[in-house]
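**Q** fold the following and give me the result.
(one chain, ligands or ions: 2)
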Amino acid sequence: MTRAAVLGSGSWGTAFAKVLADAGTDVTMWARRDELASTISDKHENTDYLPGISLPTSISATSDPSTALDGADIVVLAVPSQSLRANLAEWTESIPADATLLSLAKGIETGTLLRMSQVIAQVTGADPSRIASLSGPNLARPIAEGQPAATVIACSDSRRALEIQKSCATGYFRPYTNTDVIGCEIGGACKNVIALACGMASGVGYGENTLASIMTRGLAEIIRLGTALGASASTLAGLAGVGDLVATCSSTLSRNRTFGERLGSGGSMESAQKAAHGQVAEGVKSCTSVRALAESYDVEMPLTEAVHRVCHEGLSVPDAVGHLLGRRIKPE
Ligand SMILES: NC(=O)c1ccc[n+]([C@@H]2O[C@H](COP(=O)([O-])OP(=O)(O)OC[C@H]3O[C@@H](n4cnc5c(N)ncnc54)[C@H](O)[C@@H]3O)[C@@H](O)[C@H]2O)c1
Ligand SMILES: O=P(O)(O)OC[C@H](O)CO
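**A** Ligands and ions are numbered 1, 2, ... in the order given. As a prediction, the model looks like this:
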């Protein structure tokens, strides 16, 4: 039986742990707090992040990372992007030598501008062939409720991608494999920024034409950046690109879209952060790193630039809209 350690017991870590257990994988979760680990093990519910969802009784949880990691074939990294490096530094010693490391995080590290698989390789010293990324239209709660969805598991080593695919395929969760780790990670990180923009537009009161225009032009800038970094455009036209972009930009369950909506309807960054109740909207930090990454490759990303300026330079949403529409007109 495949054994997985899921490190991080937020919404997606918990929903994905359920998927793994439903697929017949032996799962141990790690939670930062003892109290949450005990609730998951004893009450089979994550009352903090996914209240009302019954977890399989086979899932156990611990606040001791080495207990969770003991004998793991697959190590699932389910903490927010900006905390992955510090957490991994503490976990590396206990990670089994041949385990596959699977990142669920959708972000670009600030400062280093590294993708999550690059952070993992740098901190753990693992060969890139042991590192995989999972990304797609995967809002946590509907998946935990068993609503059908598909995803992409990207790894340069197809054997490892297949091992993960088998460990999480269920009657409601359909994983596809891919070898394009860059495309998968760029799609996942960048769509959060575009979802912030859609939320801002929706908060102002704009409707479907505006949102569809932002999604489509957002995809154009994601493809420009992805291909400049070596991703395949077809990955970005698939589940980890268009699929996730549509789900996140359209859903009122998205933390990124909701965050943007609060800004668009006149809320401050502080009030939007407060209203998120500790749940991470990755795009708020990644807009800055994606923008810097794009600049370093001489790639134009006007929507990302606008989101960065609203979130971090005090530009108002109406002024951001004015700047975007005032740009030079050009062919599509
Ligand atoms: N929630 C979703 O629907 C969803 C779906 C797909 C991917 N993701 C991605 O998965 C990653 C994790 O998101 P989530 O939704 O589970 O987040 P979350 O906000 O629900 O929870 C984050 C988890 O990480 C822990 N955490 C927060 N800061 C930490 C730190 N500094 N050190 C250690 N642990 C810390 C929290 O205690 C919590 O257990 C993100 O990159 C997100 O973009 C989320
Ligand atoms: O709630 P969000 O905005 O972090 O998005 C969640 C997932 O990434 C959707 O696939």
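**Q** and the residue of the protein closest to ligand 1?
**A** Scanning the chain for proximity to ligand 1 using CB to the nearest ligand atom identifies Gly10 as nearest, at 1.9 Å. (Glycine included, C-beta is placed from N, CA and C.)
**Q** just the mean pLDDT for stretch 117-125, thanks.
**A** Mean pLDDT, computed over stretch 117-125, is 98.
**Q** what's the closest non-adjacent residue to the residue of the chain closest to ligand 1?
**A** Spatial nearest neighbour of Gly10, chain neighbours left out: Tyr49 (5.2 Å); criterion: CB to CB, 6 or more residues apart in numbering.
**Q** cool, and Ala144?
**A** Spatial nearest neighbour of Ala144, excluding adjacent residues (CB to CB, 6+ apart): Ala15 at 4.1 Å.
**Q** next: Ala126.
**A** Counting by CB to CB, 6+ apart, Leu101 is the residue found nearest to Ala126 once chain neighbours are left out, at 5.9 Å.
**Q** and that neighbour, what is it in contact with?
**A** Each residue near Leu101 by CB atoms under 8 Å, 6 or more residues apart in numbering is listed here: 75, 77, 95, 120, 124, 126, 130-132.
**Q** for the stretch 51-200 of the chain, what lies in contact range of ligand 2?
**A** Residues of the stretch 51-200 of the chain lying close to ligand 2 by CB under 6 Å from any ligand atom are 106, 137-139, 192, 195.
**Q** and the stretch of helix or strand the residue nearest to Ala144 belongs to, anywhere near ligand 2?
**A** If you go by DSSP states H and E, Ala15 is part of helix 11-22. No - with CB under 6 Å from any ligand atom as the criterion, ligand 2 is not reached by helix 11-22; the gap is at least 7.0 Å.
**Q** pull the residues that contact that helix.
**A** For helix 11-22, the surrounding residues in contact (CB under 8 Å, 6+ apart) are 4, 6-7, 9, 27, 29, 40, 46, 49-50, 53, 55-56, 58-59, 76, 78-79, 104, 134, 138, 140-141, 143-144, 167-168, 170, 172-173, 279.
**Q** how about 6 Å then?
**A** 4, 6, 27, 29, 46, 49-50, 55-56, 58-59, 78, 104, 140, 143-144, 167-168, 170, 173 (CB atoms under 6 Å, 6 or more residues apart in numbering).
**Q** distance check, the residue of the stretch 51-200 of the chain at minimum distance from ligand 2 against Val152.
**A** For the stretch 51-200 of the chain, the residue closest to ligand 2 is Asn138, as judged by CB to the nearest ligand atom, at 4.3 Å. Computed with CB to CB, to the nearest Å, the distance linking Asn138 and Val152 is 10 Å.
**Q** repeat that for Val290.
**A** When CB to CB is applied, the distance between Val290 and Val152 equals 19 Å.
**Q** ditto for Thr28
**A** Taking CB to CB as the measure, Thr28 falls 25 Å from Val152.
**Q** which of the two has more neighbours?
**A** Val152 (28 against 22; other CB atoms under 10 Å).
**Q** helices or strands next to the host helix or strand of that one in the packing?
**A** Using DSSP H and E, Val152 falls within strand 149-155. On a contact count with 3 or more CB pairs under 6 Å, 6 or more residues apart in numbering; DSSP states H and E, strand 149-155 meets strand 131-135, helix 158-168, strand 173-178, helix 181-204.
**Q** is that strand in proximity to ligand 1?
**A** No - counting by CB under 6 Å from any ligand atom, ligand 1 is not contacted by strand 149-155; separation bottoms out at 8.8 Å.
**Q** do the same with stretch 289-300
**A** No - applying CB under 6 Å from any ligand atom, one finds that stretch 289-300 is not in contact with ligand 1, the shortest distance being 13.0 Å.
**Q** pull out the buried positions in that stretch.
**A** By neighbour count with 16 or more other CB atoms under 10 Å, stretch 289-300 contains the buried residues 289-291, 293-294, 299.
**Q** got the contact list for Ser167?
**A** Residues touching Ser167, when contacts are defined by CB under 6 Å, 6+ apart, comprise 2, 20, 23, 25.
**Q** switch the cut-off to 7 Å
**A** Taking CB atoms under 7 Å, 6 or more residues apart in numbering as the criterion, Ser167 is in contact with 2, 4, 20, 23, 25, 74.
**Q** tell me which two of the residues you listed sit farthest apart.
**A** With distances taken as CB to CB, the most widely separated pair in the contacts of Ser167 is Ala23 and Ile74, at 11.4 Å.
**Q** which one of these two has more residues nearby?
**A** Ile74 (23 against 19).
**Q** my read: the more buried one touches Leu104, true?
**A** No - the pair formed by Ile74 and Leu104 falls short of the contact definition of CB atoms under 7 Å, at 11.6 Å.
**Q** what's in contact with stretch 244-255?
**A** Applying CB under 7 Å, 6+ apart, the contact partners of stretch 244-255 are 135-137, 139, 141, 187-188, 191-192, 194-195, 198, 211, 215, 218-219, 256-258, 276, 279-281.
**Q** any part of it near ligand 2?
**A** Yes - under the criterion of CB under 6 Å from any ligand atom, ligand 2 is reached by stretch 244-255 at 244, 247-248, 254-255.
**Q** what is the burial count for Ser133?
**A** The criterion is other CB under 10 Å. On that basis, Ser133 has 30 neighbouring residues.
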